[in-house]
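Novice: sequence first, predicted coordinates after that:
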Amino acid sequence: MTKSNERKLTIARAMAEATAQEMRIDPSVFVMGEDIGPLGGVYGNTRGLIEEFGAERIRDTPISETAFIGAAVGAAQDGMRPVVELMFVDFFGVCFDAIYNLMAKNIYFSGGNVKVPMVLMTSTGGGYSDGGQHSQCLYGTFAHLPGMKVVAPSNAYDAKGLMTAAMRDDSPVVYMYHKGLQGMGWLGTEAGATVHVPEEPYTLEIGKAKVVREGKDVSIVSCGMGVHNALKAAKTLEAQGVSAEVVDLVSLVPLDRDTIRASVAKTGRLIVVDEDYMSYGLSGEIIASVTEHDISVLKAAPKRVAFPDVPIPFARVMEQFCLPNPDKIVAAWDEMQAA
Amino acid sequence: MTKSNERKLTIARAMAEATAQEMRIDPSVFVMGEDIGPLGGVYGNTRGLIEEFGAERIRDTPISETAFIGAAVGAAQDGMRPVVELMFVDFFGVCFDAIYNLMAKNIYFSGGNVKVPMVLMTSTGGGYSDGGQHSQCLYGTFAHLPGMKVVAPSNAYDAKGLMTAAMRDDSPVVYMYHKGLQGMGWLGTEAGATVHVPEEPYTLEIGKAKVVREGKDVSIVSCGMGVHNALKAAKTLEAQGVSAEVVDLVSLVPLDRDTIRASVAKTGRLIVVDEDYMSYGLSGEIIASVTEHDISVLKAAPKRVAFPDVPIPFARVMEQFCLPNPDKIVAAWDEMQAA
Amino acid sequence: MSPTREEQHWMYRNMVTSRRFEEAIAKIYFEGKSPAFNMANGPIPGEMHLSDGQEPVAVGVCAHLTPEDVVTATHRPHHQAIAKGVDLDKMAAEIFGKKTGLSGGRGGHMHLFDDDVNFACSGIIAQGMGPAVGAALSRKMQGKPGVAVAFVGEGAVNQGGWHEAMNLAAVWNLPFICVVEDNGWGISVAKKTASSIASHADRAAAYGIPGKRIEGNDPYAIFEAAGEAIARARAGEGPSLLECETYRLAGHFMGDAEAYRPKGEKDALFEKDPIPKMRERLLADGAASEAELDTIEEESAARVDAAIKFARESDDAAPEDALTRVFAA
Amino acid sequence: MSPTREEQHWMYRNMVTSRRFEEAIAKIYFEGKSPAFNMANGPIPGEMHLSDGQEPVAVGVCAHLTPEDVVTATHRPHHQAIAKGVDLDKMAAEIFGKKTGLSGGRGGHMHLFDDDVNFACSGIIAQGMGPAVGAALSRKMQGKPGVAVAFVGEGAVNQGGWHEAMNLAAVWNLPFICVVEDNGWGISVAKKTASSIASHADRAAAYGIPGKRIEGNDPYAIFEAAGEAIARARAGEGPSLLECETYRLAGHFMGDAEAYRPKGEKDALFEKDPIPKMRERLLADGAASEAELDTIEEESAARVDAAIKFARESDDAAPEDALTRVFAA
Ligand SMILES: Cc1ncc(C[n+]2csc(CCOP(=O)(O)OP(=O)(O)O)c2C)c(N)n1
Ligand SMILES: Cc1ncc(C[n+]2csc(CCOP(=O)(O)OP(=O)(O)O)c2C)c(N)n1
Ligand SMILES: [Mg+2]
Ligand SMILES: [Mg+2]
């Protein structure tokens, strides 16, 4: 593609575009959440929708997550396709029953007789000093519990394709977008997330990981913001003559273990980068998925670069000390060599 | 100890005894929860307390988990030492904000200026056909999030020592007891959980795992009910000439990685048994903790025997199909040999 | 708005069917559970919450509903499921954990889903509130007929989700009705220990909607109040709250020793058993003859017998099917 | 119960201190955030919720409180923290993320904990309700003096946890007061979009407790109503609910363009700024002289300057301290 053909969108705009396109063709799609109407979503992912679709289909809600997520489940079972927003994933504690005990389980409880076609969008991630109740990723928390698909795009192209796929899915999809990738100026944004996005609707297959950089010495596996950290680390490593492969998980559930395993089988080394808390989460799962399959491929002990098991501190220096970053990934490689 | 000196208690009675003993010496300890008064707890762990301590200190609550767990946090910060019960861990979704955003984080948010000395007791586990909202373990869910200690006793001796330790701890402790070990006749019970319990109060160190059976060929690591399954499997394996070591985690947070690693360093093989959902949970964490430390000790790929990633089905045959059991552990060993 | 003769017969029939069904379940539940009572054993394992005595609420409300209306119920769902017209064969089979059950044994007694009559229930207190409000929203948005009714216990009214859903239904003016079955107990906790006011109907004021309490476990009075609330919802006039006094003649779940009940309470309740009371009233009012009622009772018993037979004779769920239907096909 | 002259001075002083503090914070907040506004930058990173205009609620209530009383506040906590007597130096330092901050930089502006005056706040809507009820319970059980006040926004009243805590406080008759700051908005969502009734004070009926709404952002009227509620709580007569109309003169958070506000709303609010209004009233009532008020204003400004200086000059938090204080020492 030539530069002039490029149509660079932020993730926020890609999500809003996908939603608008789907709403035009499918009257059962509607959006509910806090500040998703006139404000357009705190993270911009519903901007412009109320102007086009009106307040009947773009519904600002009371601060009542249990009620409106529960209502989405009921509406989804009744023929609608709700898209609901949980403003920050950190707030899941006030409404997780509706999410994990209803949304995630009703298909199963009904033996497949009801469908629950809904999307739960939620913002994740820190790095901008929003403190310990507004900065978490909680990938592990959502991915651990059965019955919900979970996606976490790292760029606008994937974001649009996943959003459309999620809205068309008859099962519930948790859509975890990272604030630092969203393209909201006031939050700062990772430039690499804003990429060319085709205008016409398209879908990405949920449950497929992507090798976003080929390499042969080490596999760096991550999602969301971590992918960008991994790509930066890979550049640094390249300068040192190390060829790093970067795997973007894209979906956490279903988890594409084949792609991960194939990558590590090729490189023989694994570093998992995870902005979520380290223990009992994503980083452990990726390592276990590889090692339980075949340990003979591993030339070194796998490593994780994850958020330590502490609440997220407010002070910039403290938070940055805890967050994964390219330097820590490079350091993990170095330790691997030293071991 | 001679048989006649034995004082066998169920876990339920051990918990109630520890609580009563602590309440006698510490007026700041009190109990809140649903049906913990005249009923004595659905799982018997507060039986006899209201008779001794009255309704002021043994408080039946409305069905308002967010309020009473939040209230426990406030009372704990104000000099009390509440013991609260979440009747089934499955209900955490209605009140997790109070648990993981308040109880678990307030010490950190205050920079250590407040203490949150409280115990959150909650029942876990299935196997008796109570369906998908009353049978979960959710070990991974609680252990993943920082700021709470998490314990899960497998027998009455540990249960009493952990309960006393938890009540004396200035940090919040989540106490996950397994219904199938509780010693309530109407639920059936694992005989191995009902053991000798000394009358005088004592504490178990939170954060220490136990090697409950020594062996040299394979380490079977688990907690709660899984320990009994592991011990049964070890017996079967012994008959086949295989010497299995069984590690009872006892605490999930802090996780005693040293004990696990030392065991696997000795045996060279690892099977993790986990009644919680397989992915992104305990089983992955144990495997990762071992392999990230040193892969050279492993003679075979580690294995997990865990609940598959599906909601817990009601029908007995379906649930039993999903649950870990001794046969599956033995089969995991066999597969390890075949690989 | 009093029930017509046909409606009265329908109500009586459903009350009796529910009672017979639960009697049958209760009996079978103990199979394999003696001498030692162990919940895990027998043809019907797990928890079992019976609704004996609470039938008037189910029939008084559901008499006004059609299959297209939506009902969400609780952990104590049989009477409502029956009154809503859930397929009794499949429901029984589900409770037995059979392949032919409503959801092939995946759900069990606390998770009965019958999409044909828009019925669902669940095991967490107040959990059905949001989905019912959402169904009401869906009808309003689609311009399709139908109201949504959430049944909850009096204990559920202190749960946060209850409050959120009430406010949401009210602020969006949805065709939604919350029916509180006040049986006086949440397991072992008495209503007055749990609720700061005596009548939850008063909580309607917090949402600016009509609230009404119906005393005496009276199917006729419940019919009347529910009729008004449902008509209001159908007319687009928004939600209502009803609290119905009712009696739990059984324990909270089977195996409950009920030591927490004040002495004599149970006996007094049995004397007020709503089924013989309704029978008497039907006869006294001349709304039915002995023969008619006998027929209804026989037919109900036969219906239940057939459902139990169907369940008993159905194949067990297939173990490996546990791994299927996590996601929509 | 009108405020005494001293109380009036105290109230004015705290309103002014709060306003000066927020003005200082607002100015510094933009340091490092221009030309491109990026929340992550500058000496005060992260979200910043100012309470300009809402000072009357804080002082009207806290005038009745002593350090031993407990307050839980929200994401918009400065005015209340100041009125409750939180150490201003440490509070400023915490907002800057300094080692000398209330919690050494771990908490930040939404997590101010001052154990000396029993103040805490948090970032999730209605989250402070349970802990305040628990503190009230603790006092009652220990027989120690002290009431607990939870401040929440009008948006929080639709959250489930709010309802649960109200019922719990009422059923246990605890020394608890919920004060609703009704600034008309929950971020961009107007009260009438979110709440099914106009006055949340009416929700007190759902708990059988007194409820009162105070119009006009009037510190004197708030003082009076809060005084009654707090006296009631101290006397062991149980909880109360107050809703105070107030004005949010700032955006929801700094950087908020406020396009959702109806045209002219902001200007009208500025005209009703409670600080000049109180100054006028003090003078008109003869409750203070110009000189006295000037002194109060100067002292308040000096107090704020000192706190900001302390915060600025304090050492940054140590990065590796992030790993400490997860559990109690
Ligand atoms: C959130 C939640 N808390 C607790 C329970 C355990 N529990 C099951 S039934 C019940 C009592 C419910 O009382 P009520 O709502 O009055 O219904 P009833 O059983 O009387 O029909 C409780 C506490 C639960 N299922 N969900
Ligand atoms: C449970 C929860 N949902 C949503 C949010 C996001 N949020 C932060 S402030 C706010 C509005 C709060 O409105 P109100 O309670 O009126 O307080 P105000 O901001 O007006 O002071 C919202 C929705 C949150 N912090 N917690
Ligand atoms: Mg009840
Ligand atoms: Mg507000």
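Specialist: Right, received. Where do you want to start? Ligands and ions are numbered 1, 2, ... in the order given.
Novice: could you pull out the helices in the stretch 101-250 of chain C for me?
Specialist: C:129-142, C:160-171, C:191-194, C:219-234 (DSSP state H, counting those that start in this stretch).
Novice: could you list every residue that touches residue C:281?
Specialist: Contact analysis of residue C:281 by Cβ atoms under 8 Å, 6 or more residues apart in numbering or on different chains lists C:220, C:287. The C-beta positions use only the backbone N, C-alpha and C, and glycine is treated the same way.
Novice: part of a helix, is it?
Specialist: Yes. Applying DSSP: H, G, I helix; E, B strand; the rest coil, one finds residue C:281 inside a helix.
Novice: and it, how far is that from ligand 1?
Specialist: 25 Å (Cβ to the nearest ligand atom, to the nearest Å).
Novice: check residue A:266 too.
Specialist: 48 Å.
Novice: per-residue pLDDT, that residue?
Specialist: The model reports residue A:266 with a pLDDT of 98.
Novice: now it: which helix or strand?
Specialist: helix A:257-267 (DSSP states H and E).
Novice: helices and strands of chain C: which one bottoms out on pLDDT?
Specialist: helix C:265-271 (a mean of 95; mean pLDDT, DSSP states H and E).
Novice: residue C:15 versus the residue nearest to residue C:247 when sequence neighbours are not counted, what's the distance?
Specialist: For residue C:247, the nearest residue in space outside its immediate sequence neighbours is residue C:53; the separation is 4.0 Å by Cβ to Cβ, 6 or more residues apart in numbering or on different chains. According to Cβ to Cβ, to the nearest Å, residue C:53 and residue C:15 sit 10 Å apart.
Novice: need the residues touching each of these two.
Specialist: Residues touching both residue C:53 and residue C:15 by Cβ under 8 Å, 6+ apart: residue C:274.
Novice: looking at those two, which one has more neighbours?
Specialist: residue C:15 (26 against 23; other Cβ atoms under 10 Å in any protein chain shown).
Novice: wait, residue A:221 sits on residue A:262?
Specialist: No. Between residue A:221 and residue A:262 there is no contact under Cβ atoms under 8 Å: 11.6 Å.
Novice: first-to-last residue distance for stretch A:103-115?
Specialist: End-to-end distance for stretch A:103-115, by Cα to Cα, to the nearest Å: 10 Å.
Novice: follow-up on the earlier one: CA atoms of the least confident helix or strand of chain C as CSV?
Specialist: Presented in CSV, the C-alpha positions along helix C:265-271 are these (Å, rounded to 0.1, in the frame of the first residue of the first chain):
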residue,chain,number,x,y,z
GLU,C,265,-44.6,-21.9,63.3
LYS,C,266,-44.6,-24.8,61.0
ASP,C,267,-47.8,-26.3,62.4
ALA,C,268,-49.6,-23.0,62.0
LEU,C,269,-48.4,-22.8,58.4
PHE,C,270,-49.6,-26.2,57.6
GLU,C,271,-53.0,-25.2,58.8
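Novice: ok now it, how far from the chain's centre?
Specialist: 21 Å (Cα atoms, centre = their mean, to the nearest Å).
Novice: which residues sit against that helix?
Specialist: The list of residues contacting helix C:265-271 from outside it, by Cβ under 8 Å, 6+ apart, reads C:53, C:247-249, C:258.
Novice: now that helix: buried residues?
Specialist: Neighbour counts using 16 or more other Cβ atoms under 10 Å in any protein chain shown place C:266, C:269 of helix C:265-271 among the buried residues.
Novice: of all the residues in chain C, which one is nearest ligand 3?
Specialist: Residue nearest to ligand 3 within chain C (Cβ to the ion): residue C:153, separated by 3.6 Å.
Novice: state the pLDDT value of the nearest residue to that residue once chain neighbours are set aside.
Specialist: Once flanking residues are discounted, residue C:153 sits nearest to residue C:181: 5.5 Å by Cβ to Cβ, 6+ apart. Looking at residue C:181, its pLDDT stands at 98.
Novice: just to check, residue C:181 is in contact with residue C:156?
Specialist: No. Between residue C:181 and residue C:156 no contact is recorded; they are 9.2 Å apart, counting by Cβ under 8 Å.
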